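Got a predicted structure here, sequence first:
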Number of protein chains: 2
Amino acid sequence: MRRKPGSLVPLEVSILEAGMVLLSQSETVFHGYQLAKEMKALQGAAFRTAYGTLYRTLERMEQAGLLESHWEDPTIAEAEGRPRRRFYTITGAGEAAFQAAKPVPETNPLFVPRPGTT
Amino acid sequence: MRRKPGSLVPLEVSILEAGMVLLSQSETVFHGYQLAKEMKALQGAAFRTAYGTLYRTLERMEQAGLLESHWEDPTIAEAEGRPRRRFYTITGAGEAAFQAAKPVPETNPLFVPRPGTT
DNA sequence: TGACTAACGGCACATATGTGCCTATAAATT
DNA sequence: AATTTATAGGCACATATGTGCCGTTAGTCA
């Protein structure tokens, strides 16, 4: 589906949400696999995103300037005996797009404005 | 199941077989994933070995002195954008054990020796 | 011969990243 | 309003290596 330039699709909002949670937890960067785990934790059974989709979306977001990435120092991955990670940070543009898109957390029924009351 | 010291289990024979095919094809070393592909090619549908089993068997064979391994130069894996490989070679002991164990490729009915004719 | 035990190998899962193919759908165009 | 088109995201698979748990079975010993 096409997209209105500058807008975020739901998956992108989820990524920025989970990314910001991770960045607020003493981490300065996050990587894709870690992001998927965080999204699972946040969304539970609602998380149905395949890794292929996630990594493709991360690439797209980087191209759009919402994220920036750099590869992990290979000697660290080597020392820990695992594949290299690709680290992401959220850019100013990413944070701004998130703030603009995220609202509507949950409509509180006690405060539904009656039509014409605004 | 216990094993008679010095003998090879079927999976080990298959590994040495596939390894020797690869080594005869201009390669000086082989890695686990490549070995699995070669075993699939040689055995077709008969290949049912999970990667977990294969890698554990490779480790066991190295400990037994049948194989030797070394890690790939990390800069190469990095340049090719894939996980590092662990390269294996077959030792003299490995080759000897294979020669001793491999016979019985297929009993040729034309040459079944009659008892007492040896 | 029967009981014990070491270990082989199957299954599921972990660690990380990515591509190819296809369908559903939202935006743009006529 | 109907059609076209770009693209988001699902599914399968590729690349490599490994660990944890458990059942089955072969070898050993009494």
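Now that the structure is in, tell me what you want to look at.

use CA for all of it now, contacts and neighbours both
OK.

Any idea which residue of chain A lies closest to chain B?
A:P83 (5.6 Å; C-alpha to the nearest C-alpha).

For the helix or strand encompassing A:Q43, buried residues please.
According to DSSP states H and E, A:Q43 maps onto helix A:32-43. By neighbour count with 16 or more other C-alpha atoms under 10 Å in any protein chain shown, helix A:32-43 contains the buried residues A:G32, A:L35, A:A36, A:E38, A:M39, A:K40.

what residue is smack in the middle of chain A?
Against the mean C-alpha coordinate of chain A, by C-alpha atoms, centre = their mean, the closest residue is A:I15 at 1.6 Å.

Read off the pLDDT value for that residue.
Note on A:I15: pLDDT of 96.

follow-up on the earlier one: so the residue of chain A closest to chain B lies in a helix, does it not?
No - read with DSSP: H, G, I helix; E, B strand; the rest coil, A:P83 is coil and lies in no helix.

Return the residues in contact with the closest residue to it other than its chain neighbours.
The shortest distance from A:P83 to any non-neighbouring residue, by C-alpha to C-alpha, 6 or more residues apart in numbering or on different chains, is to B:P83 (5.6 Å). By C-alpha atoms under 8 Å, 6 or more residues apart in numbering or on different chains, the contact set of B:P83 is A:P83, A:R84, B:A77.

I'd guess A:T89 is in a strand, am I close?
Yes - under three-state DSSP, A:T89 falls within a strand.

Let me know whether it touches A:S69 as I believe.
Yes - using C-alpha atoms under 8 Å, A:T89 is in contact with A:S69, at 6.4 Å.

More neighbours: those two, which one.
Neighbours were counted for A:T89 and for A:S69 using other C-alpha atoms under 10 Å in any protein chain shown; A:T89 has more, 20 against 16.

ok, which residues in chain A are in contact with DNA strand D?
Residues of chain A lying near DNA strand D by C-alpha under 7 Å from any atom of the strand: A:1-3, A:9-12, A:48-53, A:57, A:60, A:83.

what helix or strand is A:S7 on?
Per DSSP H and E: A:S7 is located in neither a helix nor a strand.

pretty sure it is touching A:A101, no?
Yes - using C-alpha under 8 Å, A:S7 makes contact with A:A101 at a distance of 7.4 Å.

more crowded one of those two?
A direct count of neighbours by other C-alpha under 10 Å for A:S7 and A:A101 places A:A101 higher, at 16 against 13.

Next, give phi and psi for the nearest residue to the more buried one once chain neighbours are set aside.
Ranked by C-alpha to C-alpha, 6+ apart and with sequence neighbours excluded, the top spatial neighbour of A:A101 is A:L8, at 6.7 Å. Backbone dihedrals for A:L8, given as degrees, to the nearest 10, come out at phi -110, psi 140.

Against DNA strand C, how distant is A:L8?
9 Å (C-alpha to the nearest atom of the strand, to the nearest Å).

Just the strands from chain A, written as ranges.
Remark: strands assigned in chain A by DSSP state E are A:30-31, A:67-71, A:86-90.

okay, these, which one's buried deepest?
strand A:30-31 (a mean of 20; mean count of other C-alpha atoms under 10 Å in any protein chain shown).

who touches it?
Under C-alpha under 8 Å, 6+ apart, the answer for strand A:30-31 is A:G19, A:L22, A:L23, A:R85, A:R86, A:F87, A:Y88, A:T89.

One more: stretch A:91-105?
Contacts for stretch A:91-105 (C-alpha under 8 Å, 6+ apart): A:G6, A:S7, A:L8, A:V13, A:L16, A:E17, A:G65, A:L66, A:L67, A:E68.

in it, what counts as buried?
A:G94, A:E95, A:A97, A:F98, A:A101.

what's the answer for stretch A:1-16, then?
Quick answer for stretch A:1-16 (16+ other C-alpha under 10 Å): A:L8, A:E12, A:V13, A:S14, A:I15, A:L16.
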